[in-house]
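S.K.: pasting the structure only:
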């Protein structure tokens, strides 16, 4: 009985602090603060307490769901960020492997723009063969030192 009274006292204090309590919450406060409750008032108060506890549990469940969804969104953004960083690092490594690290950003961008506008599939195929060969060579070197 002590715990129930303590919950009701705390909840009434909370509800009194609300700017816009519901009619149900206002009635709960009125009945809880009435020392001369009739048996009918006690029944109403008990029903209102059950309803308020249910509403409180529902609000807590909604908050837990919101927290879970936000955590999933944060994890997805973090995974996207990590994947992007990984991709950018790998692309930067390609410039180092090609010996272009001493070139200016403008030169490298110009080179990439020229390549991007190339429609000759034979050039692309030849570049792929050279690139795959260098990557295979570097990969075998790394495997040999490991």
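M.R.: Ah, there it is. Here the structure is a predicted model, which means the values were calculated and not measured.

S.K.: report the longest helix in this structure, please.
M.R.: Using DSSP state H to assign secondary structure, the helix with the most residues in the chain is helix 39-97.

S.K.: list the contacts of the helix or strand that that helix is followed by.
M.R.: Helices and strands here follow DSSP states H and E; after helix 39-97, the next one along the chain is helix 105-116. The set of residues external to helix 105-116 that reach it, using C-beta atoms under 8 Å, 6 or more residues apart in numbering, is 95, 100, 103, 127. No exception for glycine: its C-beta is placed from N, CA and C like everyone else's.

S.K.: for the third one, what are its contacts?
M.R.: Same thing as residue 103. Shown here is residue 103, whose contacts under the criterion C-beta under 8 Å, 6+ apart are residue 111.

S.K.: ditto for the first one
M.R.: Residues touching residue 95, when contacts are defined by C-beta under 8 Å, 6+ apart, comprise 101, 108.

S.K.: nothing else from me, thank you.
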